[in-house]
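Trainee: need coordinates for the following:
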Amino acid sequence: MNITDAIKDSRSKRLHIAAIAVTTIATVLVSLYCLFSGTFIVFQNLFYVPIVLSCMYYTMRGFIYSVCLAALYMALILFFTLESGVIMQASIRVALFIVIAGIVTFLSIRRKQAERILQEAEETFRRLFEDSTDPILLLNGETFVDCNPAGVAILGCASKYEVIKNTPGNYLLNFSRMEDRPLKRQRRYWTSRSVTGIIGSSGSTSGQTVLNSR
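Mentor: Here you go, the predicted structure:
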């Protein structure tokens with residue numbers, strides 16, 4: 001992870017914590033206001049917001065936090081009333097809080113596992129792409145959008161940034177003008193095939209073309 005990604009990750013975590021903290025405080029304040037007003041329904045639905053956010057961002061730790069929120073809700077109800085009907089409804093609500101927290105936690109864990117597998121696949125493909133001794137160039141339409149070091153070398157460029165946004169025609173013209181080798185060895189032809197997959201952090205390469213020089 002580079003410095004830019006680390007900064008973005010740190011900023012994202014701070015935003016997640018802030019969102020959970022703000023929604024939790026707002027939920028508790030609204031709950032206290034309703035309870036002091038003698039209202040024991042509706043406000044409890046606000047607890048779903050911090051519960052879902054905490055489980056989505058922090059999985060198991062979020063689940064534990066959600067159980068604490070459910071316990072806080074039950075404590076508030078018991079503090080303001082001992083009416084059996086209200087307590088029964090509150091108990092059912094607590095069970096729903098925990099069930100919802102468990103479902104969101106499970107889905108969040110699966111999502112993070114899938115993201116990790118995808119990231120590992122991206123890194124593997126990127127290493128294969130960069131370390132290949134065969135020139136590989138990616139086309140979007142008729143313009144190069146990426147290439148590996150071997151592709152840069154065969155085109156006689158100093159870096160991939162000299163290749164990007166150029167077209168194959170520019171380099172095919174240079175190949176045809178080579179004079180130091182027999183004509184048969186001078187000629188280069190390009191074979192292309194459509195590919196779909198992942199290239200680094202740029203996402204899907206659907207609609208692009210890989211060119212291998214032979």
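Trainee: give me the element Asp146 is part of.
Mentor: Per DSSP states H and E: Asp146 is located in strand 143-147.
Trainee: swap that for Asn166, please
Mentor: In this structure, Asn166 is located outside every helix and strand according to DSSP H and E.
Trainee: skipping adjacent residues, who's closest to it in space?
Mentor: Nearest residue to Asn166, sequence neighbours excluded (Cβ to Cβ, 6 or more residues apart in numbering): Phe144, at 5.5 Å. Quick note: C-beta positions are derived from backbone N, CA and C, even for glycine.
Trainee: that neighbour: neighbouring residues, count only.
Mentor: For Phe144, the count of nearby residues is 24 (other Cβ atoms under 10 Å).
Trainee: so who does Leu35 touch?
Mentor: Contact analysis of Leu35 by Cβ atoms under 8 Å, 6 or more residues apart in numbering lists 43, 76-77, 79-80.
Trainee: redo that, cut-off 10 Å
Mentor: Each residue near Leu35 by Cβ atoms under 10 Å, 6 or more residues apart in numbering is listed here: 43, 76-77, 79-81.
Trainee: what about it, distance to Val28?
Mentor: Using Cβ to Cβ, to the nearest Å, Leu35 is found at 10 Å from Val28.
Trainee: also Ile154?
Mentor: 65 Å.
Trainee: with Cys147 instead?
Mentor: Cys147 is 56 Å from Val28, by Cβ to Cβ.
Trainee: now for Thr143, how many residues are close by?
Mentor: Neighbour count for Thr143, taken as other Cβ under 10 Å: 12.
Trainee: show the pLDDT at it.
Mentor: Note for Thr143: predicted pLDDT of 86.
Trainee: ok, it - contacts?
Mentor: Contacts were defined as Cβ under 10 Å, 6+ apart; by that measure Thr143 touches 164-168.
Trainee: helix/strand/coil for Thr133?
Mentor: What DSSP: H, G, I helix; E, B strand; the rest coil gives for Thr133 is coil.
Trainee: run a quick neighbour tally on it.
Mentor: 8.
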